[in-house]
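Peer 1: I'll drop the sequence and a predicted model, then ask my questions.
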Amino acid sequence: MPALSVRNLTMTFIERNLFTDISFDIEEKDKVGFIGANGVGKTTLFKILNGEISPTSGTVVFEKNARVGYMEQHACNNPRTDIYSELLSVFDYLKDIENEINSVTNAIDAQNGNLEQLVERQTHLIEKYEMLGGLTYKSRTRSALLGLGFKEPEFEMPVGNLSGGQRSKLCLAKLLLSQSNMLLLDEPTNHLDINSVNWLEEFLKDFNGSMIIISHDRYFLDRVTNKTIELEHNRIMCYKGSYTDFIKKKEAYNESLKNKYENDIKEIKRIESIVEQQRRWGRERNFITAESKQKAADRIKSQLVTPNSELETMRMHFKPKCESGNDVLICRGLSKSFDGKHLFSNVDIHIRKGERVFILGGNGCGKTTLFKILTGKCPQDKGEYDYGANVLTGYFDQMQQNLDLSKTAIDEIWDEFPNMTQTEVRSAMASFLFKGEDVFKPLSKMSGGERARISLLKLMLKGSNFLLLDEPTNHLDASSREELENTLNDYSGTLLIISHDRYFINKLADRVLVLTQDGVKEYLGNYDYYAEHIKNEASEKGTQFSAVKNEKPLNDYFLQKQKQSEERKRKTKLKKAEEEIERLDAEIERTQALLSSDEVAADYEKLIELTKLLEKLQQEQEVQYQIWEKLSD
């Protein structure tokens, strides 16, 4: 039986129908990427799966041993609890076993009760504790916090002091360490820097259960998933393979569907022209032929599958008003600190015309601050920067602080570009999917994705030849990200981009700059090139290119018990090896005695048989000696 079986699921709201009669199965250990444009109903489907809302019709059946986990289950409700204790609460069941082991141990020490039963109970509890991961749960807790970007000093920070992004990461950590074997992950890479995403990928690849992941991070999906489900046009399509495999298979499927549709239409027209001709001739046998042909045409029509039109996506084109000089930006020794916290220093950057440069670095390292310095919104502490001749900068702010939320969408554009006519403004807005009454929608009521499209539209209309883009793919769905990639790929100007979207970086980057406290380090290539070099550098230093591995600082008491158990097992195996050596000694001595007898000496076949047996016994004894030596060491 599948881990999850969905049959004929329909969800209809008063104003719209999200999906109709969708069915799919999730097998045990499936890692499924669940994709689709923003607003098609992916999150609604998750709410149905976790029982938060009921569908209009259809069934959702989980395998009887399935333990479904989703982030809302693991909300952090006690604001006074520190981060480490909050995450450790996931293992309360192990703490209960610890307490019982301690109680039984105290009873044994005090000889309070039936000692044989107490020792048996203690052994059972310790084995259960080890099987459930009791020896490593504290190190796994610490590793998860470090892997998701928390620093050691922050472990004691109260949950109530966390930012929204930090709280989301803590909820994600609680979900990952829970006992769930079916995970529902809705945009799990949001708020994570690249190092944290790398850690999450390794964790999920090793996860011994099923999962469904809603994500627009295509590189992440390629690394983790083995199946892709797309929700489009109110229906589900399932594909085996990662996101990239899905794209190829979908293109091939759509192409074959289109070709079949066109051929069927041609055949219907051909048959109907014969029908019309036969009826014009007007004889009885012509009417019979016409009727027969019409039935053939009707049969093809009844089986005709009309290809779905592609979902409408943004259409953008960034065209610089003029060309810049060859030197676009030169930074020398830039430094910045905030409230005594050192962000970066000695930042030297040289950007030339036409380059596509990406800036990487952990959350909080100062990437956005660097952009604010370069756009004059924040002063540097030390150093200087200069723009080259004819450089016109355009800045995409991931926080969208350049938008006036009190305005409507059309006013936000028109006030920025008052020389445009209403027709020009509305035409430009339509290319960014703002049509009809949507143009009068207040920015304050827009989603993050809609505001991102408004910001990108303003950037396009400005005609800059040097774009500084801070996380431009955030809030965009996969198709919009691909449109932005294609547009920037055709852009003749210069790009400096902050991004953690590795798929995006791979398609565009000429070089990568990694921002640290001590400056920037340059890698001449895309993300995969950078990742490979980091891996090689880490290998040379005897470290790993990944988030912190489990260090396993084990509980002393249980570590001692584990060592005692291993020692008992070693002694048992050693004794068994000694007994086997003695047994084989006796067998060898008996065989040699038979070989020396007159009876065997006169029997050639018996002699050969006993010689082979002796060789076999000696070989077996040699193996046992090796085992004995290893266990003795």
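Peer 2: Great, that's in hand.

Peer 1: apart from its neighbours in sequence, what residue is nearest the residue nearest in space to the middle of the chain?
Peer 2: By C-alpha atoms, centre = their mean, the chain has its centre lying nearest to Phe220, at 4.0 Å. Using C-beta to C-beta, 6 or more residues apart in numbering and skipping residues adjacent in sequence, the residue nearest Phe220 is Thr189, 5.5 Å away. C-beta: built from backbone N, CA, C; applies to glycine.

Peer 1: show me the contacts for Pro472.
Peer 2: For Pro472, the contact set (C-beta atoms under 8 Å, 6 or more residues apart in numbering) comprises Phe396, Gln398, Ala452, Leu456, Leu484, Ile497, Ser499.

Peer 1: if you could redo that for Ser499, that was the one I meant.
Peer 2: Per C-beta under 8 Å, 6+ apart, neighbours of Ser499: Phe358, Leu360, Leu469, Glu471, Pro472, Thr473, Ile505.

Peer 1: list the neighbouring strands of the helix or strand hosting the third one plus their orientation.
Peer 2: What it means is Leu469. Assigned by DSSP states H and E, Leu469 belongs to strand 466-470. The pairing partners recorded for strand 466-470 under DSSP bridges are strand 393-396 (parallel), strand 494-498 (parallel).

Peer 1: now those as CSV including distance to Arg279 and mean pLDDT?
Peer 2: Listed next are the strands paired with strand 466-470 as CSV, based on distance: least, C-beta to C-beta, whole Å; pLDDT from 0 to 100:
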stretch, distance to Arg279, mean pLDDT
strand 393-396, 64, 95
strand 494-498, 65, 97
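
Peer 1: now render the ones you listed as TSV, adding mean neighbour count.
Peer 2: Formatted as TSV, the strands paired with strand 466-470 follow (neighbours: other C-beta atoms under 10 Å):
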stretch	mean neighbour count
strand 393-396	20
strand 494-498	23
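
Peer 1: confirm that Glu323 sits in a strand.
Peer 2: No - using DSSP: H, G, I helix; E, B strand; the rest coil, the assignment for Glu323 is coil, not a strand.

Peer 1: quick one: low-confidence parts of the chain?
Peer 2: For the chain, applying pLDDT under 70 flags the ranges 73-75, 305, 308-312, 541-565, 568, 598, 600-604, 633.

Peer 1: distance of Lys372 relative to Glu355?
Peer 2: 21 Å (C-beta to C-beta, to the nearest Å).

Peer 1: Ser480 now?
Peer 2: Taking C-beta to C-beta, one finds Ser480 at 24 Å from Glu355.

Peer 1: so which of the two has more stuff around it?
Peer 2: Applying other C-beta atoms under 10 Å to Ser480 and Glu355 shows that Ser480 carries more neighbours, namely 23 against 17.

Peer 1: what packs against the helix or strand encompassing the more buried one?
Peer 2: Taking DSSP H and E as the definition, one finds Ser480 inside helix 478-490. Packing contacts for helix 478-490, counted by 3 or more C-beta pairs under 8 Å, 6 or more residues apart in numbering; DSSP states H and E, involve helix 448-462, helix 502-508.

Peer 1: now do that helix: everything it contacts.
Peer 2: 35, 37, 216, 218, 243, 311, 313-318, 356, 449, 453, 456, 467, 472-473, 476, 495, 501, 503-504, 507-508.

Peer 1: give the buried residues for that helix.
Peer 2: By neighbour count with 16 or more other C-beta atoms under 10 Å, helix 478-490 contains the buried residues Ala478, Ser479, Ser480, Arg481, Glu482, Glu483, Leu484, Glu485, Thr487, Leu488.

Peer 1: I'd like those as a markdown table, with distance to Arg80 appended.
Peer 2: Shown next, in a markdown table, are the buried residues of helix 478-490 (distance: C-beta to C-beta, whole Å):
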| residue | distance to Arg80 |
| --- | --- |
| Ala478 | 41 |
| Ser479 | 44 |
| Ser480 | 41 |
| Arg481 | 40 |
| Glu482 | 45 |
| Glu483 | 46 |
| Leu484 | 43 |
| Glu485 | 45 |
| Thr487 | 49 |
| Leu488 | 47 |
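
Peer 1: thinking again about what came up before, wouldn't the residue nearest to the centre of the chain be in contact with Glu201 here?
Peer 2: Yes - here Phe220 lies in contact with Glu201, judged by C-beta atoms under 8 Å, at a distance of 6.4 Å.

Peer 1: ok so, going back, got a markdown table for the helices and strands packed on helix 478-490, with mean neighbour count and distance to Lys258 too?
Peer 2: A markdown table is the format used below for the helices and strands packed on helix 478-490 (neighbours: other C-beta atoms under 10 Å; distance: least, C-beta to C-beta, whole Å):
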| stretch | mean neighbour count | distance to Lys258 |
| --- | --- | --- |
| helix 448-462 | 20 | 29 |
| helix 502-508 | 22 | 26 |
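
Peer 1: among the ones you listed, which is nearest Ser427?
Peer 2: Proximity to Ser427 (C-beta to C-beta) singles out helix 448-462 among the helices and strands packed on helix 478-490, at 11.3 Å.

Peer 1: from what I can see Ile48 touches Met11, true?
Peer 2: Yes - using C-beta under 8 Å, Ile48 is in contact with Met11, at 6.8 Å.

Peer 1: any residues in contact with both of these two?
Peer 2: With C-beta under 8 Å, 6+ apart as the test, Ile48 and Met11 both reach Pro55.

Peer 1: next helix or strand past the helix or strand hosting Asp298?
Peer 2: Asp298 is part of helix 284-302 when elements are defined by DSSP H and E. Counting by DSSP H and E, the next helix or strand C-terminal to helix 284-302 is strand 327-338.

Peer 1: now the next helix or strand after that next one: buried residues?
Peer 2: Downstream of strand 327-338, the next assigned helix or strand under DSSP H and E is strand 341-352. Residues of strand 341-352 classed as buried: Leu343, Phe344, Ser345, Val347, Ile349, Ile351, Arg352 (neighbour count, 16+ other C-beta under 10 Å).

Peer 1: picking that back up, which of the strands paired with strand 466-470 sits closest to His124?
Peer 2: With C-beta to C-beta as the criterion, His124 lies closest to strand 494-498 of the strands paired with strand 466-470, at 54.7 Å.

Peer 1: and the closest one, how far out from the chain middle?
Peer 2: Centroid separation between strand 494-498 and its chain, computed with C-alpha atoms, centre = their mean, to the nearest Å, is 24 Å.

Peer 1: isn't there a helix covering Gln111?
Peer 2: No - under three-state DSSP, Gln111 falls outside any helix and is assigned coil.

Peer 1: just give the number of residues close to it.
Peer 2: 8.

Peer 1: ok, it to Leu118 distance?
Peer 2: 9 Å.

Peer 1: for Tyr625, same thing?
Peer 2: 41 Å.

Peer 1: these two: who's more crowded?
Peer 2: Per other C-beta under 10 Å, whichever of Tyr625 and Leu118 has more neighbours is Leu118, with 19 against 14.

Peer 1: just to be sure, that one is in a strand?
Peer 2: No - going by three-state DSSP, the assignment for Leu118 is helix, not a strand.

Peer 1: do I have it right that it meets Ile108?
Peer 2: Yes - using C-beta under 8 Å, Leu118 makes contact with Ile108 at a distance of 5.0 Å.
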